[in-house]
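1. using only what follows, build the 3D model:
(2 chains)
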Amino acid sequence: MVSSGTGQPNAKEKKYDRQLRLWGANGQQALEASHICLVNATATGCEVLKNLILPGIGKFTVIDDATIAEVDLGVNFFVDAEGVGLPRAEYTCKYLSELNPDVQGSYINDSLSNLITSDPTFISTHGITAIILCSPLPSHLVHTLQVMNPDLAIFHVYCVGFISSLRIFLPELCIVETHPDSLIDLRLFNPWVGLLSFAKNATRDMNAMSEHQHGHIPYLAILLHYLEKWKEEHGERLPGTYKEKNEFKKLLLTGMRTDVAGGIEENWEEAAAAVLANVKPHEISSGTREVLKDDRCQNLDQDSDNFWIIARGIAEFVASPDQGDGLLPLPGGIPDMKAESQDYVKLQNLYRQKAASDLAQVAQNVSQILVSLNRPETDIPEEDISLWCRNANHVRRIRYRPFIDEWMVDIFHAKAVYSDLKYNPDTLLPIYIALRAYQTFYDEYGHAPGQENGKDDSAELLTHARVYLSKVADMLKLPEDEEFPSTEVLRALDMWCREVTRYSGAELQNIASLTGGVVSQEVLKCVTRQYLPVNNMVVVDGVQSKSAVWEL
Amino acid sequence: MATTGENSRWQHLDKILQRNGPFCDDSFTSGNVEEILGRWKILVIGAGGLGCEILKNLALSGFKDIHVIDMDTIDVSNLNRQFLFRQEDIGKPKAEVAAAFVMKRVKGVKITPYYGAIQDKGENYYMQFNMVVCGLDSVEARRWINAILVDMVDMNNPESLKPLIDGGTEGFKGQSRVILPTISSCYECSLDMLTPPTAVPLCTLASIPRQPAHCIEWASILEWPRVMGEDKKLDTDNPEHIQWLYEQALERAKEFNITGVTYSMTQGVVKNIIPAIASTNAIIAASCCNEAFKIATNANPYLNNYMMYTGNDGVYTYTFEHERKPDCPVCGNQATTFEAKGDWTLQEFIDRLKEKPDVQIKRPTLSTQRKKLYYQGPPQLQEQTRPNLDKKLRELITSGEEVGITDPGLPFSLRLNVVFD
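-> Modelled structure (predicted):
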């Protein structure tokens, strides 16, 4: 979809207006190229798909071998009385398709386990981008699917009673547009010549200025002016500590006129308010550093992804004394501030020009890299390089742990669980552990633990939970005398095992819908490669109206 | 507990409602869906992004008698998330289409739509419900319903206390909360948590624009009335009007060398468009309905009283108890103190009031026990009180005097003790 930008919106832009304001035309394009597959058309599963079909994914496929039963009508909005006895995949596909005529829906009236055997390459032959697995499913099936398709994005969902969990696996994800609160980087400690001379001009003979002039000096110029002054008084050192920044704030406020209408000058107050956030040295974030020193950035080849080629262009920019000399390319935006229109625009242009020249340097680096890789030097659109430069300090590379490492309790997993249980008094891990025990129970009996026909499975569930925790303890070789898990944790575990058993596998529409919302947000972030998806586990607690995330 | 036929539909809900859980308190009495939820009558305000979800969720939570109010008709830009509406529904009332859809899909639920404003109805109407769930996009409407529900509470009649559950979203973020009028923090108590709409001073718009938004606001606030006159009202849903504003704003931006004015931005600024997606609506609406379900069934403890959700960076929720404000103008019993300078003119005083995040008024009428300070209407009174706008506060009131403030948007009056410092 090409955005018409300045003119009136086309039909598609009108329909998707409220979301295009979040992820733009490039995000929408990525969404429309995706094919999302759902295994088990439970209430939760259908809710996930609903929230993905509405904003316009390309295709979806429902896989399910169940037929619709009376009980589905009380929890799933995408079935009705006429469908009872019919295949659930086909029927939900029909109602889901009605949500958006731009999306192409299909179904397979079969189980995942049959499909894995009868058509083991169905993921690649159908071009499936991501798969959503709704519990209950035997755990070996989930692991088999992952082993057979190591690059498949998998969203594994449990939703029972008032609780739910989502475990995400994605092939390594590199995100340029993480949408931080602000992309502004004023570079007050690294001003360039043009910026300094602007500040000097704007603050010359301040005492002689008229009230209007003095009240319209852009606060950036005020900050730069007083930073120079501070340096003179402090042997070229800049304010570094919190205390120094507060002193700096006081220093600059001595310049504010108070004998004016209202007793304050807005631009000077803006300058003071900007000190804590902006008076600091330029620092390359740990996320960006990780990307720049990644092997794939250092050792490119012809098939390298554009992300890594641009990253290399940026790394060279940072390293070169003639280019960034330790700094990232400037993003180029400035915040609004009280100023005369022409001064503001002048200042804005200074930042924009600097950003443009940094971008040109990076683009040149990128062309040279492309040539050295025997690729056409214009192989990467300048737009992509520009986006990277604007977001350079916020890019992220996320690696996901495969399901099996978590399930088998490796050392990483054991450490994560141990420390949260031990040091987080509000830990929600007992919910995760109860759901793990639920899976173990399901693997053994083929049905959910419950309290039916006079039987109560909660004690058995608790046993599974304790076996799991002793695996964690063994892995960590905890000393004999260490109390792990603590009595509080055990008490919480016991309660959650009883609560989970109370549900007997029941799904509630509210929690299904809430979970459908959470899962779909994560799928959207993964497909559009924007914002930051969870790595790798999130639990929703509808009893206490809370949530928690861990890397497990 | 074998259930058959029609009732086997609610097996999932019954499993949970027929058994006690470890987190339930003594108020929980087990039973089946019909027994527990059959008597509940619930009002949903808003049939938009949140409202569509809320109606579906309540119907599938076993509520049988639901009413819904919405004054809007369906627009094409709703279709990316308001899943009960289709292309052919554009132009029809949201409340009616949504009610009909859910009743068709979920047999046995009765949903009564009202196509109109909440202000059309009075206390008698609101008194018939056991609970109110709000999915609104306007601060003004929230303040109105909140004030009504607080006002309706009669200490001698427990039925008069209607829990109010409120949700809101923006992009990947949202919040849901439970308000027990007069018992827990009300909507008005938390008004200062909202960032007030950044009002750009008129002088910036008129003489020193710096941002594309300044040019757009100039076109809609100053240029439209100047060129079109008082009679032709700006209709932000009319593409021709937006086009005109866009062209004016573009022209002005060129004059000041400002870049970035687009049609889409023009629309966004003048309509105050908030980005919205189905996912976030689903999360917040479901969270609200989960609380409604817990309040109605006691199947687990309900939220006390505020949950914030943000999905921008991973998933993060923050659940906390928002405290009541003792000087809340709606549910508090102390008058608010407002510090002013005796040298301020009444106009200046009004301007400061508008800036205050916990006041947020647009067209205030002010008076004291002794005199009328400024009236927005009727015309004679406005005429009569207008000269006061230029008078200094100390000429009009004494320090510590109580000033009453009413605003057409609010169903209550603010009482401020104005103290000169």
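
2. give the contact list for residue B:113.
-> Residue B:113 makes contact with B:47, B:67-70, B:93, B:95-96, B:98-100, according to Cβ atoms under 8 Å, 6 or more residues apart in numbering or on different chains. C-beta here means a position set from N, CA and C on the backbone, and glycine is covered the same way.

3. where does residue A:260 land on pLDDT?
-> Note on residue A:260: pLDDT of 88.

4. ok, now residue B:231?
-> Here, the pLDDT recorded for residue B:231 equals 82.

5. residue A:392 reaches residue A:328, doesn't it?
-> Yes. Between residue A:392 and residue A:328 there is a contact under Cβ atoms under 8 Å: 4.4 Å.

6. higher neighbour count, the two?
-> residue A:392 (29 against 25; other Cβ atoms under 10 Å in any protein chain shown).

7. okay, buried residues for stretch A:322-336 please.
-> A:323-324, A:327-332, A:334 (16 or more other Cβ atoms under 10 Å in any protein chain shown).

8. redo those as a markdown table? Include pLDDT, secondary structure and distance to chain B.
-> Compiled in a markdown table, the buried residues of stretch A:322-336 are given as follows (pLDDT from 0 to 100; DSSP: H, G, I helix; E, B strand; the rest coil; distance: Cβ to the nearest Cβ, whole Å):
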| residue | pLDDT | secondary structure | distance to chain B |
| --- | --- | --- | --- |
| A:323 | 97 | coil | 26 |
| A:324 | 96 | coil | 26 |
| A:327 | 96 | coil | 25 |
| A:328 | 97 | coil | 20 |
| A:329 | 98 | coil | 20 |
| A:330 | 97 | coil | 17 |
| A:331 | 96 | coil | 15 |
| A:332 | 95 | coil | 12 |
| A:334 | 96 | coil | 10 |
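
9. ok, of those residues, which one's closest to residue B:20?
-> Using Cβ to Cβ, residue A:331 comes nearest to residue B:20 of the buried residues of stretch A:322-336, at 56.9 Å.

10. residue A:552: neighbouring residues, count only.
-> By other Cβ under 10 Å, 22 other residues sit near residue A:552.

11. list the contacts for it?
-> Neighbouring residues of residue A:552 by Cβ under 8 Å, 6+ apart: A:167, A:401, A:406, A:413, A:416-417, A:432, A:536-537.

12. confirm it sits in a strand?
-> No. With DSSP: H, G, I helix; E, B strand; the rest coil as the criterion, residue A:552 is assigned coil and is not in a strand.

13. that one and residue A:316, how far apart?
-> Distance, residue A:552 to residue A:316, using Cβ to Cβ, to the nearest Å: 37 Å.

14. so which of the contacts of residue B:113 is the most crowded?
-> Most surrounded of those: other Cβ under 10 Å gives residue B:47, at 32 neighbours.

15. quick one: that residue from chain A, how far?
-> Note on residue B:47: its distance to chain A, by Cβ to the nearest Cβ, to the nearest Å, is 16 Å.

16. max-length helix in chain B?
-> The residue-count maximum for a helix in chain B (DSSP state H) belongs to helix B:278-297.

17. oh, that last question was meant for chain A, not what I typed.
-> Longest helix in chain A by number of residues (criterion: DSSP H): helix A:341-372.

18. quick one: low-confidence parts of the chain?
-> This is for chain A. Along chain A, segments meeting pLDDT under 70 span A:1-6.

19. could you do chain B instead?
-> In the predicted model, chain B carries pLDDT under 70 at residues B:1-7, B:195-198.

20. got the domain boundaries for it?
-> B:38-195+B:276-320, B:202-270, B:336-404+B:411-420 (automatic domain parsing).
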